[in-house]
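Participant: task: produce atomic coordinates for the following.
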Amino acid sequence: MHDDRNLVEARLKRVLDERIRPAVYPESVPLQVAVWHAPGEPVPVAEGLAGVPEPIAVGDAWGAPWGTSWFRVTGTVPQEWAGRTVEAILDLGFDENMPGFQCEGLVYRPDGTPVKGLNPRNQWVRIGAPVAGGEEVRLHIEAASNPVILDYHPFVPTALGDKETAGSEPQYRLARMDLAVFDESVWQLVLDLEVLGELMHELPVEGARRWDILRAVGRALDVVDLQDVNASADAARAELADVLAVPAGPTAHRISAVGHAHIDSAWLWPLRETVRKVARTTSNMTALLEDEPDFVFTMSQAQQFAWIKEHRPEVYARVKKAVSEGRFVPAGGMWVESDTNMPGSEAMARQFVHGKRFFLDEFGIENDEAWLPDTFGFAAGLPQIIKAAGAKWLLTQKISWSQTNKFPHHTFQWEGIDGTRIFTHFPPVDTYNCSMKGSEIAHAARNFKDKGAARHSLAPTGWGDGGGGTTREMVAKAARLRNLDGSATVEWESPAEFFAKAQAEYPNAPVWVGELYLELHRATLTSQAKTKQGNRRSEHLLREAELWAATAAVRAGFPYPYEQLDRIWKTVLLHQFHDILPGSSIAWVHREAERTYAAVAEELNTIIDGSQRVLAGEPAPGRTLVFNSAPHVRASVAAGAAAEPVRTGVSRAAPREGGGFVLDDGLLRVEIDGRGLVVSAYDIAAARETVAPGQAANLLQIHPDFPNMWDAWDVDAFYRNTVTDLTAVDQLVAVEDAGVAAVRIVRTFGDSKVTQLLGLAPDAKRLDIDTEVDWHETEKFLKAAFPLDIHAERYASETQFGHFHRPTHTNTSWEAAKFEACNHRFVHLEEPGWGVALVNDSTYGHDVTRTVREAGDRGTTTTVRVSLLRAPRFPDPETDQGVHRFRHALVPGATIGDAVREGYRVNLPERRVAGGGEVAPLVSVDNDAVVVSAVKLADDASGDVVVRLYESHGGRARARLTAGFAADAVVATDLLERPLGEGDQPELADGSVELSLRPFELVTLRWTRSASRG
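Facilitator: This is a model prediction of the structure:
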């Protein structure tokens, strides 16, 4: 037989495009349209419905950037359409090549009842099936004219990302606004042909199945009357029935499809617009669930449920009903789909606390899975947190974006820093926007790396970010793929159903130990420095507010601000979303975040100040208490206590021979040369130099920074090929700052200015580095380099509830790809017996490299570079412009315990309050390796005291935890403060418990106070 594949396939494409698809709506009449443009920000539904519209015609421009327009469409169903299915086709000017990221609409009835969303690939509204004829149609559309930021030529700087700079030029032209007859037979024929045509392209040419389908398609096209498709559709479908009925083989890959719409809580739109995106999508999905009995939809992010509960209660009522029926499935158990690299220990824990509690309170649902399809890599501390929250599974897809190495598994056990293992799945379909295309389904089956041991994978199915979720076409395709020869099988299932099956069939899944590093989007550790600083500061202010409010409540009856802290926590957690904290959103989002963080700081400082004043009592003349919020003793003040500090020693600044200054406090001697660079940091007791020979530390370096794509997200390895050392100095003077000997250095470069204060506090073996940058560069990357005279094959970076080691070498492509990595408060390097820590108050990105010196002692120079600032121009063309302040400290001779302590110190500065008496700690621990991460009152307002702690050094630890109040009982709990099983409970004796902790083990204890409440 002659090979006519190309002929038939080309025929199929043309007939589908030009004859069959247009015949889905064979008859139509125009609707009358009028519009009212809301002034300013979106208005309530009642106000939008009441707006007085003016006529608008198809083809007319509408919609200023970020505007809201309320369309009223009216018409009458023709009498001759009686008995037929009729739909309204409402095209706001969509570009169907983009499933989202543009204008959108939510359709309402005149009484304010939501109908469904309008999206680029979902433009229909059912009027009747069948209609009687003569029905009056009146619909209202709340339309958002969100501008297209990520266009066909992507990553072009644009002013559209902020309403203050976006202008008023209309963004869209109204397109089709019709009533139309919907021919379901033709629609079904389209889907038959699409499924078979797409499957045919994925099958081997040598196989009989491909040819069977080809011949059936040819016969169906022969039957189609191109002049009357509607009359011949059923006959054409009959020619396809046999090939659609051939069942899949017993070894076919099995796909669990779950309806999905990944909605970024902010990204190329502001937070307020996400509220409406969620309302549109959930309206679509609840409507689809009513029409499709097999369909299951899942939605993560408790924040998004909370938004529609508050702002769109009429939509939320439909969601809640669908949840109660088990088909709209809340997933993930987190407040938002957060970044997981940068959030601190408590914040990462609270993502699960607030997310799971919302789903429990609202729906009675306990999530067993974490759902993070789009997060930019996963910190090694996360598995323990997931387990401590009562979950056991993780789903993500993003690691498939890695540019260098292919991850070796799709289903595996992920082991964290403490040894906790979480059953994890990466969908091999390699998208969280699956549309049930044959190419996607075939890719999932071919790509699955665990063949021979497992056969199940998951496919999140639906358009996100304004695409409206799963479409009826996707559901219809999935029905055909449920059991079809040549294809993987497809079945709608919830995430929990998938994970239960996958884990049961793969009990001995392979293990991956350590972080799940995304070899992409590394610059998100640095972009938008003020957002990152706001996050770090908020996390530590929350620690302080809970600690001192709890102490004041127990000791002095201070009213604990439960609701206020709950609200603030949720605000901070929202801003840890994976496009806000990483700095990859439009200007509007980050300007708003800066204002939000300022308001959060003001509120928390008010709580802290009020609590401390109550605890300090009446001021005594000349008596000032230092409140120590850190988990370690500081200046003789116990952790969590307040007392008068005891300080000894002095530090001095003296001129240095050859220029510059020497700082000395008897523990550390620091030489700063005439360029303002640290050329020596000598540990006097250890007789050990910190700075590599012939090198200079605190060296500011600037690189060109123009990645190939994803400007705010990416830094490409070639940035390192060109570097400028900033050694010119404008001012170099010795100063004394609050009893600390210091040197002030001023430099200018380009259009920017840096002022640094290098100080050596008395009795401190650390060099404090305060940096102020007035930054006005474009597409540049600013780093601070610290070349250290230390031989280390690995180094430690702090992560949640511990630290994680990375190699300093690049033996393999896996190590070489980690040329920019994340730390929390410290990085630490050591040789046996001596180490160095570099701590910070708000930076996350860094790199570590090593070289062997060819001359001299032939020792190893290990260089740590802190990433300070970037200046990408997309999506925010003004990224990081302005004044920034950073605090770092170089700590020679540091053990890992010193690194932990100094990291907390720089993030929790002392607070001084005039007072009359000392304040004893609410809880105390007798082992510095065991760090208290939270002291608070229980969330249920019972008055119980909750203490969370962890082993911080990476070894086993025994510790006694003592309550500074009368306690009747103590129980170990999960993160949600629910008791664990009997075998995991401590014994209370004389107000204390003895603990034995594994390396990095996390423990939460709930103390019941005595009836006397003392």
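Participant: can you verify Asp450 is assigned to a helix?
Facilitator: No - applying DSSP: H, G, I helix; E, B strand; the rest coil, one finds Asp450 to be coil, outside a helix.
Participant: can you tell me the closest non-neighbouring residue to it?
Facilitator: Residue nearest to Asp450 in three dimensions, not counting chain neighbours: Thr411, with 5.1 Å by CB to CB, 6 or more residues apart in numbering. Just so you know, the C-beta spots here come from the backbone N, C-alpha and C atoms, and that holds for glycine as well.
Participant: quick check: the one you found touching Ala509?
Facilitator: Yes - here Thr411 lies in contact with Ala509, judged by CB atoms under 8 Å, at a distance of 5.6 Å.
Participant: who's more crowded, these two?
Facilitator: Neighbours around Thr411 and Ala509, counted as other CB atoms under 10 Å, are more numerous at Thr411. The numbers are 25 against 22.
Participant: now do the contacts for that one.
Facilitator: Contacts for Thr411 were tallied using CB atoms under 8 Å, 6 or more residues apart in numbering; they are Phe423, Thr424, His425, Phe426, Asp450, Ala454, His456, Ser457, Ala502, Tyr506, Ala509.
Participant: please name the strands paired to the helix or strand that contains the second one in the sheet, noting orientation.
Facilitator: Assigned by DSSP states H and E, Thr424 belongs to strand 421-425. Strands that pair with strand 421-425, judged by DSSP bridges, come out as strand 393-395 (parallel), strand 411-415 (antiparallel).
Participant: from Pro507, how far off is the residue nearest the centre of the chain?
Facilitator: Using CA atoms, centre = their mean, the residue of the chain that lies closest to the mean C-alpha position is His578, 2.3 Å off. Relative to Pro507, His578 is positioned 31 Å away (CB to CB, to the nearest Å).
Participant: same check, this time on Lys451
Facilitator: Taking CB to CB as the criterion, Lys451 is separated from Pro507 by 17 Å.
Participant: and these two? which has more neighbours close in?
Facilitator: The neighbour count for Lys451 versus Pro507, taken as other CB under 10 Å, is higher for Lys451 (14 against 8).
Participant: identify the contacts common to Thr411 and Ala509.
Facilitator: Common neighbours of Thr411 and Ala509 (criterion: CB under 8 Å, 6+ apart): Phe423, Asp450, Ala454.
Participant: quick check: closest non-adjacent residue to Thr158.
Facilitator: Computed as CB to CB, 6+ apart, the closest residue to Thr158 that is not its neighbour in sequence is Ile149, at 6.2 Å.
Participant: just checking, what packs against the strand or helix carrying Glu239?
Facilitator: Here Glu239 is covered by helix 229-244, with elements defined by DSSP H and E. Here helix 229-244 touches helix 184-202, helix 208-223, going by 3 or more CB pairs under 8 Å, 6 or more residues apart in numbering; DSSP states H and E.
Participant: just put those in CSV and tack on distance to Ala959, mean pLDDT and mean neighbour count.
Facilitator: Formatted as CSV, those follow (distance: least, CB to CB, whole Å; pLDDT from 0 to 100; neighbours: other CB atoms under 10 Å):
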stretch, distance to Ala959, mean pLDDT, mean neighbour count
helix 184-202, 59, 98, 21
helix 208-223, 65, 98, 18
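Participant: looking at those helices, which is nearest to Trp713?
Facilitator: Comparison of the helices and strands packed on helix 229-244 against Trp713 by CB to CB identifies helix 184-202 as nearest, at 31.6 Å.
Participant: can you map out the helices along the stretch 651-800 of the chain?
Facilitator: Ranges of helices within the stretch 651-800 of the chain: none, based on DSSP state H, counting those that start in this stretch.
Participant: quick one on the thing from earlier: so which elements touch the helix or strand following the helix holding Glu239?
Facilitator: Downstream of helix 229-244, the next assigned helix or strand under DSSP H and E is strand 254-259. Counting contacts by 3+ CB pairs under 8 Å, 6+ apart, strand 254-259 packs against strand 297-299, helix 438-447, strand 456-461, strand 489-492, helix 495-505.
Participant: could these go into JSON lines alongside mean pLDDT and mean neighbour count?
Facilitator: As requested, the helices and strands packed on strand 254-259 are exported to JSON lines (pLDDT from 0 to 100; neighbours: other CB atoms under 10 Å):
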{"stretch": "strand 297-299", "mean pLDDT": "98", "mean neighbour count": "26"}
{"stretch": "helix 438-447", "mean pLDDT": "98", "mean neighbour count": "19"}
{"stretch": "strand 456-461", "mean pLDDT": "98", "mean neighbour count": "27"}
{"stretch": "strand 489-492", "mean pLDDT": "98", "mean neighbour count": "21"}
{"stretch": "helix 495-505", "mean pLDDT": "98", "mean neighbour count": "18"}
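Participant: show me what contacts the residue nearest to the centre of the chain?
Facilitator: Contacts of His578 by CB under 8 Å, 6+ apart are Asp264, Val336, Glu337, Ser338, Asp339, Leu372, Asp374, Thr375, Phe376.
Participant: hmm, try it at 6 Å
Facilitator: The neighbours of His578, taking CB atoms under 6 Å, 6 or more residues apart in numbering as the test, are Glu337, Asp339, Thr375.
Participant: so what pLDDT did the residue nearest to Asp450 get?
Facilitator: Looking at Thr411, its pLDDT is 98.
Participant: can you check Ala855 too?
Facilitator: pLDDT recorded at Ala855 is 84.
Participant: tell me which element it falls in.
Facilitator: Applying DSSP H and E as the criterion places Ala855 outside every helix and strand.
Participant: buried ones in the longest helix along the chain?
Facilitator: Ranked by residue count, the top helix of the chain under DSSP state H comes out as helix 587-616. By neighbour count, with 16 or more other CB atoms under 10 Å as the criterion, the buried positions of helix 587-616 are 587-593, 596-597, 600, 603-604, 607-608, 610-616.
Participant: now do stretch 96-113
Facilitator: The neighbour-count check on stretch 96-113 (16+ other CB under 10 Å) flags Met98, Pro99, Gly100, Phe101, Gln102, Cys103, Glu104, Gly105, Leu106, Val107, Tyr108 as buried.
Participant: and what of stretch 648-667?
Facilitator: Ser651, Ala653, Arg656, Gly660, Phe661, Val662, Leu663, Asp664, Asp665, Leu667.
Participant: quick one: contacts of the strand holding Thr424?
Facilitator: Residues from elsewhere that reach strand 421-425 (CB under 6 Å, 6+ apart): Pro383, Ile386, Trp393, Leu394, Leu395, Thr411, Phe412, Gln413, Trp414, Glu415, Gln503.
Participant: which residues touch the residue nearest to Gly750 when sequence neighbours are not counted?
Facilitator: Nearest in space to Gly750, with sequence neighbours left out and distances taken as CB to CB, 6+ apart, is Glu777 at 5.3 Å. Contacts of Glu777 were listed using CB under 6 Å, 6+ apart, and they are Gly750, Ser752, Ala871.
Participant: among those, which are in strands?
Facilitator: The strands in this structure, assigned by DSSP state E, contain Ser752 from the contacts of Glu777.
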